[in-house]
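Engineer: Any chance you can model this:
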Amino acid sequence: MTFDSILKKVRTIASNTDVTGKDFLAVQVNLTGDEGGVFYVEVKDGKVNVEPYEYNDRNCAVTMKPADFNKLIDGKLDPVFAFTTGKLKVDGDIGKALEFSKLIKK
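Structural biologist: Here you go, the predicted model:
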């Protein structure tokens, strides 16, 4: 799966997600490898923004291979299992990373 297709998929999921009453959340996603790239997901003022840029004031950054990230958002890869097996790396607030994983699942 290409970076652009993953970004489009995350934007679609984000547009259908109700974030009413959710606190501020900013997560940068680093996808590794040839099909990799960087984007962020921000929950702010009841809206979700997904943009292909780095986010300097983020709560955390998650790093994964594109194929594993796709499995994560499809609900086929448990985020805790991915973290404990090294498929998912978190830099920053792990609690916010878990909150993020619940937010982006289809």
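Engineer: nearest spatial neighbour of Leu25, skipping sequence neighbours?
Structural biologist: Spatial nearest neighbour of Leu25, excluding adjacent residues (CB to CB, 6 or more residues apart in numbering): Val43 at 4.2 Å. All C-beta atoms are positioned from the backbone trio N, CA, C, and that covers glycine.
Engineer: meant to ask about Ser101, not that
Structural biologist: With CB to CB, 6+ apart, the residue lying closest to Ser101 is Pro79, at 4.0 Å.
Engineer: how close does that neighbour sit to Gly46?
Structural biologist: 24 Å (CB to CB, to the nearest Å).
Engineer: More neighbours: which of the two?
Structural biologist: Between Pro79 and Gly46, Pro79 has the larger neighbour count (other CB atoms under 10 Å), namely 21 against 10.
Engineer: Run through the residues that contact the more buried one.
Structural biologist: 72, 88, 97-98, 101 (CB atoms under 8 Å, 6 or more residues apart in numbering).
Engineer: Nice, that's everything, thank you.
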